[in-house]
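Undergrad: next input, structure requested:
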Amino acid sequence: MATREGLPAYLFCVYIAFVSSYFILQVHGVKKCIEKPFPGQSFVCVCNSTYCDDIEPNTRVELPSFALYSSSKGKDRFSKSILKVTKNLPQAENVWMVNRNVTYQKIKGFGGAFTDAAAINILSLSKPTQDKIIAAYFSPKEGIEYTIGRVPMGGSDFSTREYTYADSPQDFQMDKFALAEEDLKCKIPVIKQALSLSSRNVSLFGSPWSAPGWMKTDNSLTGKGSLIGQAGDKYHKAWALYFAKFLEEYKKQGLEFWGLTAQNEPSDGRISHFSFNCMGWTAESQRDWIAADLGPTLEERGHGDVSLMILDDNRIWLPGWANTVLQNATAAKYVKGIGVHWYLNWVAPPLTLSKTHELHPDYFLLATEACSGSFPLEKHVVMGSWDRGEEYTHDIIQNLKNWVVGWVDWNLALNGTGGPNWAKNFVDAPIIVDAKKDEFYKQPMFYHLGHFSKFIPEGSVRIEAEPESSSPENLDVVAFLTPEKSVVAVIFNRSDQDVDVSLYDPGVGYMNLTSANHSIMTAVWWPVAHI
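TA: A predicted model of the protein is given here:
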């Protein structure tokens, strides 16, 4: 028997099966997740050169309707539904008042780091698959629309070797300063591709891990060591010049930077035998160097508009570190913000961030690094881990509720080991790459991040969202007013139970929904009629 232009019956059946599966996966133009489950965990979404799941556009919905995007441990990934607003009192016990008249901080955005390791992994794939992985993060049609990118200034542990841009001894004038092959052939091409795909402004900021060994007290990029000498001397002026040269060399490549951090984790370089790239500073030495060297050098060379951030380390150092630097008027005039990492958060409560904001309201707080699987005895990469996604969302919400203006993940992509990393300091990432199969896997962390980054663009303002009565311990809501005048609320349920929730916007009505157990949801509505 032959069917459809003479195809043998069995081939026709194969054809029908393929077409049917395609239309099941691609509903209304939206490509659904190809699930790959893992025992004891949730699942990842598999992407390759020809297919990757995406997200239904966040197009305006007129009242009395609102849009709801859902992801859950059990099944959903950015599943969109349109629900109705009601004026009637809800049956739900958990009513959250969303008050657009009470505002807090303006949002900078969300993003990740263009490390050597991330770029190497992305470029290990075929060109069509490379395009899909970058689009997953930055494309308005296919991705979660990151707006911040962190760039290591030279090597970090997530490099394949130890290096800086000025490894020639005694080069105080930085005459031999040069970007590395890792920049020119890996990071810069990936960054340019990301920026070309984005419809939003993407802000880049640089962070150094270590000065060249010849400039340091231990003559090494690792271990306990700091810059030789003191602020104002030739070593400190040369290190400030290094920052300016970095900006200038990247500008020659067509890339300009919004920000810089003065040092990645300055506390690391005060630990004996520290195992990867680091350099030690105290708050006092960082203050003095910024005041005498870094600030003036950046200003003199035309980089005074770059947003300089202090700390770039764990919040256990706050508010003390900020007090020490910012109470010095000379140093303070060169500083725009404070960078914080998420490690050791259990030592210092999130209110530490609010306290720092209260003391220094003119300086923004930005979460500049986070990752899972970094501590001893932890498994570095856990495929399909919903728990790690929940850890991300919990931290993001805690940060946002305490005046932080954005949240930046660590490596954009890693391999199945959690590298490459020359120091074997392997960790997890929202996207895991399998170069041999020319595939990548979007972890639950990716979707948790997307519930914020996709819907809360730069310029959004956090607004009040509070329960009208007591709320379950593992339920949380955070809300924003965007520049497009939509209201965005993220609903997060860490519990084992489904929870009925109602969002109440007094000018709009009640938005009733069921928050599934172990889920994250983003609700979007437009309170003002479109003219």
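Undergrad: how many residues are close by residue 92?
TA: Residues near residue 92, counting by other CB atoms under 10 Å, number 17. All C-beta atoms are positioned from the backbone trio N, CA, C, and that covers glycine.
Undergrad: no wait, residue 275
TA: Neighbour number of residue 275 under other CB under 10 Å is 13.
Undergrad: got the contact list for it?
TA: Going by CB atoms under 8 Å, 6 or more residues apart in numbering, residue 275 touches 157, 222, 423, 425.
Undergrad: try 7 Å this time
TA: Residue 275 sits next to 222, 423, 425 when contact means CB atoms under 7 Å, 6 or more residues apart in numbering.
Undergrad: with residue 456 instead?
TA: Per CB under 7 Å, 6+ apart, neighbours of residue 456: 107, 480, 482, 488.
Undergrad: same thing with residue 288?
TA: Contact analysis of residue 288 by CB under 7 Å, 6+ apart lists residue 231.
Undergrad: how far is the helix or strand containing it from where the chain is centred?
TA: Residue 288 is located in helix 283-289, with elements delineated by DSSP states H and E. Between the centre of helix 283-289 and the centre of its host chain there is 28 Å, according to CA atoms, centre = their mean, to the nearest Å.
Undergrad: tell me the buried residues in the next helix-or-strand element following it?
TA: Once the chain leaves helix 283-289, the next helix or strand it forms, by DSSP H and E, is helix 295-300. Of all the residues in helix 295-300, those buried under the rule 16 or more other CB atoms under 10 Å are 295, 296, 297, 298.
Undergrad: swap in stretch 267-287?
TA: 267-270, 274, 276-281, 283, 285-287.
Undergrad: count of neighbours near the residue nearest to residue 206 when sequence neighbours are not counted?
TA: Spatial nearest neighbour of residue 206, chain neighbours left out: residue 153 (4.6 Å); criterion: CB to CB, 6 or more residues apart in numbering. Residues near residue 153, counting by other CB under 10 Å, number 26.
Undergrad: give me the low-pLDDT residue ranges for the chain?
TA: 1-28, 529-531 (pLDDT under 70).
Undergrad: longest helix anywhere in it?
TA: Longest helix in the chain, counting residues (DSSP state H): helix 234-252.
Undergrad: what does that helix contact?
TA: 153, 165-166, 172, 174, 177, 179, 206, 211, 215, 227-229, 257, 260, 289, 292-294, 297-298, 301, 303, 306.
Undergrad: weed out the non-buried ones from the residues you listed.
TA: Buried, going by 16+ other CB under 10 Å: 153, 165-166, 174, 177, 179, 206, 211, 215, 227-228, 257, 260, 289, 292-294, 297-298, 303, 306, out of these.
Undergrad: ranges for the helices of this structure?
TA: 9-25, 116-123, 127-138, 181, 188-197, 234-252, 283-289, 295-300, 320-326, 329-332, 351-359, 386-400, 444-453.
Undergrad: closest to residue 523 among the contacts of residue 275?
TA: residue 425 (38.5 Å; CB to CB).
Undergrad: so how far is residue 493 from the nearest residue to that closest one once chain neighbours are set aside?
TA: Ranked by CB to CB, 6+ apart and with sequence neighbours excluded, the top spatial neighbour of residue 425 is residue 157, at 4.7 Å. Residue 157 sits 35 Å away from residue 493, going by CB to CB, to the nearest Å.
Undergrad: cool, and residue 129?
TA: Separation of residue 129 from residue 493 (CB to CB): 34 Å.
Undergrad: look at the two and report which has more neighbours.
TA: residue 493 (25 against 22).
Undergrad: what's near enough to touch the more buried one?
TA: 474, 475, 499, 515, 516, 517, 518, 519.
Undergrad: now those in CSV, with distance to residue 101 and neighbour count?
TA: What follows is the contacts of residue 493, written out as CSV (distance: CB to CB, whole Å; neighbours: other CB atoms under 10 Å):
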residue, distance to residue 101, neighbour count
474, 28, 16
475, 24, 18
499, 27, 20
515, 25, 24
516, 31, 19
517, 33, 15
518, 33, 23
519, 29, 24
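Undergrad: distance to residue 197 for the residues you listed - can I get that in TSV?
TA: Converted to TSV, the contacts of residue 493 look like this (distance: CB to CB, whole Å):
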residue	distance to residue 197
474	36
475	35
499	37
515	32
516	32
517	35
518	31
519	29
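Undergrad: among those, which two are most distant?
TA: Largest pairwise distance in the contacts of residue 493, by CB to CB, is 12.6 Å, between 474 and 516.
Undergrad: out of the buried residues of helix 295-300, who's nearest residue 320?
TA: Closest approach between these and residue 320, by CB to CB: residue 295, at 20.9 Å.
Undergrad: so the closest one makes contact with residue 329?
TA: No - judged on CB atoms under 7 Å, residue 295 makes no contact with residue 329 at a distance of 11.5 Å.
Undergrad: what touches both of those two?
TA: With CB under 7 Å, 6+ apart, residue 295 and residue 329 have no common neighbours.
Undergrad: that older thread, from the buried ones among the contacts of helix 234-252, which land in strands?
TA: Members of the buried ones among the contacts of helix 234-252 lying in strands (criterion: DSSP state E): 206, 260.
Undergrad: OK, contacts around residue 191?
TA: 114, 149, 255.
Undergrad: and the gap between it and residue 118?
TA: Taking CB to CB, one finds residue 191 at 10 Å from residue 118.
Undergrad: if we can go back for a sec, between the contacts of residue 493, which is closest to residue 528?
TA: Distance to residue 528 across those (CB to CB) is lowest for residue 515, with 26.4 Å.
Undergrad: give the contact list for that closest one.
TA: 475, 491, 493, 498, 499, 501, 521.
Undergrad: which one of these is nearest residue 76?
TA: Closest approach to residue 76 among the contacts of residue 515 (CB to CB): residue 521, at 9.0 Å.
Undergrad: show me what the closest one bridges to in the sheet.
TA: residue 70, residue 491 (DSSP bridges).
Undergrad: what is the neighbour count of it?
TA: Applying other CB under 10 Å, I find that residue 521 has 24 neighbouring residues.
Undergrad: do I have it right that it meets residue 68?
TA: Yes - in this structure, residue 521 is within contact of residue 68 by CB under 7 Å, at 6.0 Å.
Undergrad: against residue 322, how distant is residue 363?
TA: 7 Å.
Undergrad: would you list the helices of the chain in CSV and tack on distance to residue 89?
TA: Shown next, in CSV, are the helices of the chain (distance: least, CB to CB, whole Å):
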stretch, distance to residue 89
helix 9-25, 40
helix 116-123, 49
helix 127-138, 41
helix 181, 64
helix 188-197, 45
helix 234-252, 57
helix 283-289, 53
helix 295-300, 57
helix 320-326, 45
helix 329-332, 51
helix 351-359, 33
helix 386-400, 27
helix 444-453, 28
